[in-house]
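Colleague: what follows is a predicted structure for the sequence shown.
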Amino acid sequence: MKPNAFPKSKRVVSGRSFTLALRKGGCAADGCLVVFAFPRDPGGDRSCQPRRLGVTIPKKTGSAVVRNRWKRWIRESFRTQQAAFPVGFDFVVRPKKDARASWQSIQRSLPKLAHKAVRRLNGQSVQTRTR
RNA sequence: UCAGAGGGCGGGGCGAUCGCUCGUCGGUAUUGCACCGGCGGGAGGAAAGUCCGGGCUCCGCAGGACAGGAUGGUCGAUAACGUCGACCGGCCGCGAGGCUAGGGAAAGUGCAACAGAGAGUAGACCGCCGAACGGUCCGCGCGGGAUUCGUCCCUGGCGGAUGCGUGGUGAGGGUGAAACGGUGCGGUAAGAGCGCACCAGCGAUCGGGGUGACUCGAUCGGCUCGGUAAACCCCAUCCGGAGCUAGACCAAACAGGGUGCAGAAGCGGUCCGCUUCGCGAUCGACACCCGGGUAGGUCGCAAUGGAGGCGACGAGCAAUCGUCGUGCACAGAUAAAUGGUCGCCACCAUCGACGUCGCCGGGCUCUGGUCCGGUGAAGCGUUCGAUCGGUACAGAACCCGGCUUACAAGCCCUCUGGUCGU
RNA sequence: GGGCGAUUAGCUCAGUUGGUUAGAGCGCUACGUUGACAUCGUAGAGGUCACAGAUUCGAAUUCUGUAUCGCCCA
C-alpha cells in the first residue's frame, strides 16, 4: 500500500465507533479543532492495526460548502501526515464551535492534538485501573 | 453621446504531483474481504428554498354528501400546475414598456377609529328662506260693545314687519380616505333630478364585430342605486392519505418451535436403583429444518432509461406540438466521492511607464503644420510591467416540469426618449 | 428527507372583530430620602413591531416572498 493513501480501512465508518470515541475516548482541543482518540482493539496487537480517522461536522458550522471545506482539509492533513499519528487508534475530529477554517492551522494542530488525546486517554485508564 | 426599457449568453482554462469514488480489464491473493496497476466517467444554473405540479411506491377505497384546503378575466398550451403564451379590462409612464388574487357587494351578515351636523334609504352646526302653522308688533278696514263723542275695549279678516317657537333646505362653509353625479337653463320663499338639454355612470332591449373575456352603435328606463370579500360568506373548478428513511428482498447472533427411524460408539445434568458398576428413561450439547425478523447487506438507484438535448421539415401570432435524423450528453456517494499543493495563462482592480488626445505657454515656419515644456483623479488604448491583490453564489442523495431566492467580472441583441454633428 | 412553530424596548413577555401617540415587569439614567448604602418615592430615556412587497382610507395585526432561530418524526 502507498504511504499516503487513504482508503476506507483508514476511516471510521460505523456509528458505534463514533459514539465510543466521543463518549469514552481521550479528548484534546485548541482554538480550532477538537480531537477524540480511542484504541481500536484493546486486546489485540496495536502496532499492526492502522490508525483511522473520522470527521464529524455539525450543521451549525455553516452551509454545505463550508462543512465540505472543513472535512476535506481535515482529511487531507491526516492523509499527508499520517505517519506522525500514534498507531492503533481511532481519531474522531470535530471543528471547535465558532472556529473559522484555515488550512495552515488545521495542518499544524491536528497531529499535536492527536498525541495529546492519546496521552490523556492513557492517564485516564491508569487512574481507573488503580481505583 | 447621455438617460432608460426588454431579452439572452456566461459561470475561468491548461499542466504537474499527492489523494478520493464508481465502472471495467489484468495481476497478487483466493471462501470472502482486501491490495496493486492500466483505461474510462465523476456537481449546478441555481444542485438551494421546499412554494406548487406530476411520475414512482405503499396503505385505504361501493357510490355520494358534509367539513377542510387551493385556485379565480377569457381562450389556448401541457402529463399536470398556483406554470407558460396570446388576447381583454383597469392603473402607471412623454415613450419603449411595466404592474395587475382581475368572479359576486341589485343573496345575506359585519366593519369604517379620530374628525365631523351627518358614515348608509345618513344628516340641520354655521349659513340661506319666511311658503305653511303659532306668537309678537305695526297699518287698514268690517262687526259688536262702552262713551265724557276726543276715543277706548273685544272678536275675527286683509296687508306688512320680525325670525321668537314649530318649520323648509341639502345649493354654500367646514370635517374626512370616503358625504348619494357634473355643467347650464328653467323653477322656487330659499332650494333640490323638482323639470329640461348635454355629458359621465348603471341597467334593459336591439343590431354589428369576436370562439370568448369584451367592444362599437342605436333606443328606452329609473334618475344615481358608495367602499371593503388578501372580513365572514356565495358561486364555479380542482383535491383520498402518506412519502425513496416510500417500498421489495437476503439474513448472522441471541431466544423460541420441530425432526434426528434401527443398531453401535460416546460427553454433561436429572430421574429410576440402598450405594458403586451396569442398564433404562429424559433433557442438553450436536446436526438439520421452520416462521418472525434485529445487527448488517442487496435491490429501488441510472441509460434495450427518461414529458432529455441538438438539427431539419411541417402546424401555430406564440407558448407548444407532430414527423424524421442524430453513439450529442447524462455523476451515483451512503460517517456520505468530485479535494490539497505548485506552475503557466486568461479576466478584473489598483499603481507606474509608453503612446494618443484635449488644454495652456514658448520657439520655428508663415499660417498647413511642426518641435519643446507644463498640465489632466472622475479622457482613451488589439502596448508593456508590477502586486504575499481579486475571480461570485454555492455542493447531487429517487427522477422530472415550473416558481422563488442568491450571484464576481465579462459579453451580445432589439427598442424608446433627449442632446450634439452631418 | 418530511412536518410544525416563533421573531414586539437591553432581558422576559402582553397586544384580535385592522383604528388615533404600541404597553407591563425587571434592568438603565437623573433627582429625592440616608452620615453612607440597600429599600422606597418621583421623573425620564430607550421601538425601522425581523426584512421586502401587496390589499386597505389606514397594517404589529390580513396576504405573498425572504432571513434567522427553535421543536417534532425517523
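Modeller: In hand now; what should we look at? Keep in mind that what you see is a predicted model, and the values were worked out from it rather than measured. Numbering: from 1, shown residues only, chains lettered A, B, ... in the order given.
Colleague: contacts for stretch A:102-115?
Modeller: A:28-35, A:37, A:73-74, A:77-78, A:80-81, A:84-86, A:89, A:91, A:93 (Cβ atoms under 8 Å, 6 or more residues apart in numbering). Backbone N, C-alpha and C define where each C-beta goes, glycine included.
Colleague: so which residues of chain A form strands?
Modeller: Taking DSSP state E, the strands of chain A run over residues A:26-29, A:33-39, A:52-55, A:89-95.
Colleague: can you redo those strands as CSV with mean neighbour count, mean pLDDT and distance to A:Val118?
Modeller: Output for these, formatted as CSV (neighbours: other Cβ atoms under 10 Å; pLDDT from 0 to 100; distance: least, Cβ to Cβ, whole Å):
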stretch, mean neighbour count, mean pLDDT, distance to A:Val118
strand A:26-29, 19, 85, 6
strand A:33-39, 24, 85, 5
strand A:52-55, 22, 86, 13
strand A:89-95, 24, 85, 6
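Colleague: to RNA strand B, which of those strands lies closest?
Modeller: Of all those, it is strand A:52-55 that lies closest to RNA strand B, at 5.0 Å by Cβ to the nearest atom of the strand.
Colleague: quick one: list the elements packing against that closest one.
Modeller: helix A:15-24, helix A:64-80, strand A:89-95 (3 or more Cβ pairs under 8 Å, 6 or more residues apart in numbering; DSSP states H and E).
Colleague: mind putting those in CSV, distance to A:Ile106 included?
Modeller: Listed next are these as CSV, based on distance: least, Cβ to Cβ, whole Å:
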stretch, distance to A:Ile106
helix A:15-24, 19
helix A:64-80, 5
strand A:89-95, 9
